[in-house]
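Peer 1: Whatever this is, show me its structure:
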Amino acid sequence: MARRWSLILPLALVLGPLGPAPVQASGSTSVRLMRAAGQIAPRATRGVLATAAGTFGPLSAAWAWPVVGPVIRAFDPPEDPYGSGHRGIDIAVPLGTTVHAPAAGTVTFAGKVGGQLFVTLDHGGGLVSTYSWLSTALVHKGDVVAAGAPIALSGQGHPGSTTPHLHLGVKRDGAYIDPLEVLGPAPVSVLVHLAPIPASGSA
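Peer 2: Down below sits the predicted model:
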């Protein structure tokens, strides 16, 4: 017995505590208990993983960018829920650019607020994204969209802006976060600005 424990203890130190044994039937009592304890994400929660604490965070496979363009205004959280700030990022794109869902989700709002068009997606696990100052909504409330699905066309951007852009806001558990926390790496076309090709015969 002493020899057996001498083999098991080093493995326990390397692997850490073992989790629950795999469960075969999704409707079993074990699965229901694990789901209630927050150890298994609900089926509707796509793009997120359950943590031991029972809350949900982004998957290692980050969200795709809804449009491709440079960020011309960064996230600037307000000091209080009603204070001034910038509750998202502005991505410069031409007017009428197709906006794609960065991850699978359900449309919870698609309509006008104060005369301006907005679309909101619930991605599950407390993550919600909003697309503002649109020219056209391509989805309706209740629609279930896959990652990459077209959901809207971009508009002029913030009222008074001279550069057309998409405003992207993201909430986690009801609080605004920097969208760059959940977006994947910026597309190469955003990071690399090619020098103009010189005219034929020029140096």
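Peer 1: give the contact list for residue 186.
Peer 2: Counting by CB atoms under 8 Å, 6 or more residues apart in numbering, residue 186 touches 65, 71. Backbone N, C-alpha and C define where each C-beta goes, glycine included.
Peer 1: now with 7 Å?
Peer 2: Contacts for residue 186 (CB atoms under 7 Å, 6 or more residues apart in numbering) come out as residue 65.
Peer 1: swap in residue 138?
Peer 2: 150-152.
Peer 1: which one of these sits closest to residue 141?
Peer 2: Of all these, residue 151 has the smallest distance to residue 141: 12.0 Å, by CB to CB.
Peer 1: What is the burial count for the closest one?
Peer 2: Residue 151: 25 surrounding residues under other CB atoms under 10 Å.
Peer 1: for residue 145, same thing?
Peer 2: By other CB under 10 Å, 20 other residues sit near residue 145.
Peer 1: any idea how far the residue lying closest to it once chain neighbours are set aside lies from residue 160?
Peer 2: The shortest distance from residue 145 to any non-neighbouring residue, by CB to CB, 6 or more residues apart in numbering, is to residue 101 (4.6 Å). Distance, residue 101 to residue 160, by CB to CB, to the nearest Å: 28 Å.
Peer 1: can you pull out the helices in this protein?
Peer 2: 2-15, 29-36, 188-191 (DSSP state H).
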